[in-house]
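Novice: Just to be clear, the model below is a prediction. Sequence and coordinates:
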Amino acid sequence: MNIVKVDDSNAHVYANLYQGYGAEFSKIIDDKPDANGLFDIYPKLEGSVTGYLLYLDGVPAAITAIDEKPPRVYEICDFYVLPCFRKNKVGKRFISSLFERLGGSWEIKQVAGADHAISFWRDVVSDYTSDNYVEDVYEDHKWGTVTRQCFTHEKNA
């Protein structure tokens, strides 16, 4: 498992994998591709938003975009594991490694209708924090009704 930050040398890999993510969530968030069949990357990887790629045996397997709001408060904006790698807890290991690496406080949101994502994040956060997290449902200004998990990484709080 190799996690790398997205930069100019690998941004195209992130953009390519993002298309699967965009397609998977298009029905839930009513998003459509542009005239070239491509989904817009949102949020863009710039400013406070950093992208990460997960490679397994040299093959790109997953992406995430994380927004950092100082001091060390993180929001997971996007998270996608290619279907062929959705086994052996690859996604859980990927994001848990980033929780550990970055520390701080975390917020993860799932849009209404993304039941698989809600289950995934509950499992990940519950395991990672030993059930020491807060979950709520609220109206997000961009996404409408969302389920949200929040926790503070104890070692780096």
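Specialist: That came through fine. Numbering: from 1, shown residues only.
Novice: all helices in this structure, in order from the N-terminus.
Specialist: 11-29, 90-102, 115-129 (DSSP state H).
Novice: what angle sits between the last one and helix 90-102?
Specialist: Helix 115-129 runs at 50 degrees relative to helix 90-102, counting by axes from the mean of the first three to the mean of the last three CA atoms, to 10 degrees.
Novice: Report the buried residues of helix 115-129.
Specialist: Residues of helix 115-129 classed as buried: 117-118, 120-122, 124-125, 128-129 (neighbour count, 16 or more other CB atoms under 10 Å). Where you see a C-beta, it was placed from the backbone N, CA and C, and this is true even at glycine.
Novice: Tell me the one of the residues you listed nearest residue 143?
Specialist: residue 117 (11.8 Å; CB to CB).
Novice: Between helix 90-102 and the lengthiest strand in the chain, find me the angle.
Specialist: For the chain, the longest strand by residue count, based on DSSP state E, is strand 59-69. With the same axes, to 10 degrees as the basis, strand 59-69 and helix 90-102 are set at 40 degrees to each other.
Novice: Thank you kindly, that will do.
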